[in-house]
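structure of the sequence below:
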Amino acid sequence: MTILVTGATGTVGRLIVDELARNGHQVRALTRDPAKADLPEGVEVVAGDLAEPGSLTAAFEGVEAVHLINFAGDDYAPLKTGEQLVELAVKSGVRKVTVLGGRADGPLEQALAASELEWTLLEPVEFMSNTLQWWAWTIKAEGVIREPFGSRLSSLVHERDIAAVAATVLTGDGHAGKTYTLTGPQAITTTEKVRILSEAVGQEIRFVELSEDEARAKWRADGMGAETIEFLIGALGDTPEVGYTVAPTVEQVTGRAPRSFAQWAAEHATAFKR
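Residues are numbered from 1 along each chain as shown. Okay, here's the model as predicted:
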């Protein structure tokens, strides 16, 4: 069967494409700019935009399973075309759908729930790959991490484990109507993250714990908007229980234990070396 992966050049989407292709599945990858996709040989790359369902008719043709994301554009704005996408999926003969970051109250998710499609929502907690975005530049420049809430716990998950779960669901049975919370094998603190990363890099990385006001000032200087800053203060300072509770889902779905942050750090150590 042909499996369509949307958001195919994103952090997780690219890995879902790779996981499916390595296991011999026929993959069609959707991206807004196929010329820049750089995906594995044998993967069919097509142009389209989830925010413009009219651009997707050819992409959905002959597809039996689809991986969707519930945002559109570089600003990660919530997807407003969920109902049209579900209509297109049904019309095209799609049977299975996964949604990354799926939440029950979203327009895409509500449209799926009202359909006869076999849908599964994937809800990862903190991505290990966020460490690259947030920390790599400052570690390379100074060898220092300055953040609040050093004791904050997170059961962060390896992006390859998210991809493995998505690929398993798209190609297997027994997952319809389920919401999967995806975590790593342990909850670790921010200071433990720094220590583990230091060991992987082989260089000392210092941690300087900021007060909330110091963090606000730093993030403002970094160019963050007030709304984003307050969201971070709330999310980091009062992480919901689901964010630091280890779930068995990755192993239950894939049959393999989830990767640890130490494994992730070893894989990406060169990105943090000074």
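
now Leu56. Nearest residue, chain neighbours left out?
Gly48 (4.6 Å; Cβ to Cβ, 6 or more residues apart in numbering). Just so you know, the C-beta spots here come from the backbone N, C-alpha and C atoms, and that holds for glycine as well.

residue contacts, that neighbour?
Residues near Gly48 by Cβ atoms under 8 Å, 6 or more residues apart in numbering: 6, 30-32, 55-56, 58-59.

can you list the strands that the helix or strand of the chain with the lowest mean pLDDT pairs with?
Here the helix or strand of the chain ranked lowest by mean pLDDT, DSSP states H and E is strand 77-78, holding a mean of 73. Partners of strand 77-78 in the sheet, by DSSP bridges, are strand 71-72 (antiparallel).

about what we covered before: hmm, who's touching the least confident helix or strand of the chain?
Outside strand 77-78, the residues touching it (Cβ under 8 Å, 6+ apart) are 70-72, 106-107.

of these, closest to Ser198?
Phe71 (33.4 Å; Cβ to Cβ).

I'd say that closest one and Val99 touch.
No: taking contacts as Cβ atoms under 8 Å, Phe71 lies outside contact range of Val99: 10.6 Å.

quick check: neighbours shared by these two?
With contacts defined as Cβ under 8 Å, 6+ apart, no residue is adjacent to both Phe71 and Val99.

angles on the backbone of the residue nearest to Leu56, please.
With angles defined as degrees, to the nearest 10, Gly48 sits at phi 170, psi 170.

what sits against His158?
So His158 contacts 128, 184, 258-261, 263-264 (Cβ under 8 Å, 6+ apart).

which ones are touching Val194?
When contacts are counted by Cβ under 8 Å, 6+ apart, Val194 touches 145, 205-207.

tell me the first helix or strand C-terminal of the helix or strand containing it.
Here Val194 sits within helix 190-201, counting by DSSP states H and E. Toward the C-terminus, helix 190-201 is succeeded by strand 206-209 as the next helix or strand (DSSP H and E).
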